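S.K.: Provided below for reference: sequence and predicted model.
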Amino acid sequence: MNNMTPEEAYNFVVNLGLSRDQRSEKIIMKDPMRACLYANGVIKGRWPEAELVIMKYPYCAYWYARNIIKGRWPEAEPLIMKHSRWWGRYKMHFNIDE
């Protein structure tokens, strides 16, 4: 299992229909998009342990706020602001006026 990529670890959990798997989670949380998908499809909610990784990538932070948190994510906003496309969508989705 230690040699798995985040994608392989994610697929392992999903294809076996597992609930949470700590060994896989350590691998999955290295990839922001896989972490988002895991939070959405397996955890079915926030995954605090992976949020620092997720918020490093503006698209993933925007996606996570929209689909997992279902609200603004103030801790990630400074990073999302650095990418005009995702900040624009974030502002539009959450009705933020500047």
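M.R.: Yep, that arrived.

S.K.: Which secondary structure elements does the host helix or strand of Tyr64 sit against?
M.R.: For Tyr64, the host element (DSSP states H and E) is helix 58-64. In this structure, helix 58-64 makes packing contacts with helix 32-38, helix 51-54, helix 77-80, helix 84-93, judged by 3 or more C-beta pairs under 8 Å, 6 or more residues apart in numbering; DSSP states H and E. Using the backbone N, CA and C atoms, a C-beta is placed for each residue, glycine as well.

S.K.: winner for burial among those?
M.R.: A comparison of these by mean neighbour count, using mean count of other C-beta atoms under 10 Å, puts helix 32-38 on top with a mean of 22.

S.K.: Off-centre distance for that helix?
M.R.: Between the mean C-alpha location of helix 32-38 and the chain-wide mean there is a distance of 5 Å, by C-alpha atoms, centre = their mean, to the nearest Å.

S.K.: which element is the residue lying closest to Ile27 once chain neighbours are set aside on?
M.R.: Ranked by C-beta to C-beta, 6 or more residues apart in numbering and with sequence neighbours excluded, the top spatial neighbour of Ile27 is Ala9, at 3.9 Å. Assigned by DSSP H and E, Ala9 belongs to helix 6-15.

S.K.: Return the set of buried residues in that helix.
M.R.: Along helix 6-15, the positions that meet the burial threshold by neighbour count (16 or more other C-beta atoms under 10 Å) are 6, 9-10, 12-13.

S.K.: Is it possible to get a markdown table of those residues that adds distance to Arg23 and pLDDT?
M.R.: Written out in a markdown table, the entries for the buried residues of helix 6-15 read as follows (distance: C-beta to C-beta, whole Å; pLDDT from 0 to 100):
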| residue | distance to Arg23 | pLDDT |
| --- | --- | --- |
| Pro6 | 13 | 94 |
| Ala9 | 8 | 93 |
| Tyr10 | 12 | 92 |
| Phe12 | 9 | 88 |
| Val13 | 10 | 90 |
